[in-house]
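In: just the structure for this:
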Amino acid sequence: MLSIFILSGCIPSKPTEEVEILPTERLMTKLESNRRRIKTFEGNGTITIKSNEFNNSAAFRIVLVKPDSIYLTVMGPFGIELAQALVTSKDFIFYDALQNTAYKGLQSSDILHQIFKIDLSFGDIMDAFIGSVNLTNNLYKSPNNYQVVYDKYMLTYRDSVTKNTSEYEVDVRNLGILHYLLKNSDGNDLLEGKYSKFELLETVAIPAKIEVMNRKQNETVVIDYKAMTANKKNIYIDFKIPDDASIIKW
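Out: Residues are numbered from 1 along each chain as shown. Model (predicted):
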């Protein structure tokens with residue numbers, strides 16, 4: 001079974017009275033535009049996984065190249081490499097440094113869960129590492145509820161087909177999404193995201209502290225970045241498997 005986990009700056013605040021309050025359509029368009037503005041991302045810090053079967057933390061480095069590549073390196077004490085994974089929208093390579101063994105095969109939901117330890121789609125995992133939420137489905141819809149409470153936009157959308165409800169809290173000043181909650185038709189929490197310690201990258205507010213919880217599966221991923229860069233020129237993924245490594249096709 002594959003397993004990766006063997007083991008600041010701040011945005012200056014504007015006074016609320018100086019900030020333009022946006023209508024919902026314009027707000028959602030700006031939020032989605034900000035999400036799409038980040039084409040590449042690189043960060044390093046600490047990642048913690050909590051679930052019924054797993055509870056561990058490790059230092060890590062992530063490189064994202066939208067729309068189809070996630071490269072993750074996990075380090076142990078003294079910066080010793082434990083594992084590397086390159087996952088694309090089609091396939092994956094996972095290298096276990098301690099066993100000097102590489103696994104290769106087609107990408108699937110099972111592979112994603114085994115590597116990242118949370119039950120999310122490929123696109124949602126990519127968004128999760130940047131602390132963003134895909135708003136495409138709500139771009140041209142009117143919210144069921146919309147209000148501005150002190151320094152936050154509060155929006156609620158209800159899907160007419162699935163009957164699921166999406167709730168968003170957005171910072172009025174920097175348009176960073178502070179909280180996201182997805183509920184099913186019975187009002188039970190399915191997915192929750194909490195975001196804080198924002199930094200401004202490419203004019204987009206990116207959270208350095210990210211907590212994503214799959215409530216249905218009782219899985220939590222906590223990401224705490226020490227350094228982040230976005231849209232860096234000539235970014236590349238430097239993933240090389242040692243010549244003497246064993247290779248197993250999955």
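
In: and Ile177, what does it touch?
Out: 31, 131-133, 168-171, 193, 195 (C-beta atoms under 8 Å, 6 or more residues apart in numbering). In this view, the C-beta of every residue, glycine as well, is placed from N, C-alpha and C.

In: oh sorry, the question was meant for Lys232
Out: Counting by C-beta under 8 Å, 6+ apart, Lys232 makes contact with 40, 42.

In: and it, how far from Ile47?
Out: Distance, Lys232 to Ile47, using C-beta to C-beta, to the nearest Å: 21 Å.

In: do the same with Asp189
Out: Per C-beta to C-beta, Asp189 is found 22 Å from Ile47.

In: when these two are compared, which one has more neighbours?
Out: Under the neighbour definition other C-beta atoms under 10 Å, Asp189 and Ile47 were set side by side, and Ile47 has more, 25 against 14.

In: is it true that that one lies in a strand?
Out: Yes. Per DSSP: H, G, I helix; E, B strand; the rest coil, Ile47 lies within a strand segment.

In: which stretches of the protein have low pLDDT?
Out: Along the chain, segments meeting pLDDT under 70 span 1-17.

In: which residue is nearest the centroid of it?
Out: In the chain, the residue lying closest to the centroid (C-alpha atoms, centre = their mean) is Ala128, at 1.1 Å.

In: name the helices or strands packed onto the host helix or strand of it?
Out: Using DSSP states H and E, Ala128 maps to helix 122-130. Other helices and strands packing on helix 122-130, by 3 or more C-beta pairs under 8 Å, 6 or more residues apart in numbering; DSSP states H and E, are strand 40-50, strand 55-65, strand 69-75, helix 109-116, strand 204-214, strand 219-230.

In: Asn137: which of the ones you listed is closest?
Out: Proximity to Asn137 (C-beta to C-beta) singles out strand 204-214 among those, at 18.5 Å.

In: and the contacts of that closest one?
Out: Applying C-beta under 8 Å, 6+ apart, the contact partners of strand 204-214 are 8, 11, 34-35, 37-38, 45, 118-120, 128-131, 171, 174-176, 190-200, 219-226, 228, 230.

In: buried subset of these?
Out: Neighbour counting over these (16 or more other C-beta atoms under 10 Å) leaves 34-35, 38, 45, 118-120, 128-131, 171, 174-176, 190-195, 197-199, 219-223, 225, 228, 230 as the buried ones.

In: is it true that Asn34 lies in a helix?
Out: Yes. Assessed by three-state DSSP, Asn34 belongs to a helix.

In: who does the closest residue to it other than its chain neighbours bridge with?
Out: Once flanking residues are discounted, Asn34 sits nearest to Val204: 4.5 Å by C-beta to C-beta, 6 or more residues apart in numbering. Taking DSSP bridges as the rule, Val204 bridges to Leu201.

In: next one: Val204 from Ile130, what distance?
Out: Val204 sits at a distance of 9 Å from Ile130 (criterion: C-beta to C-beta).
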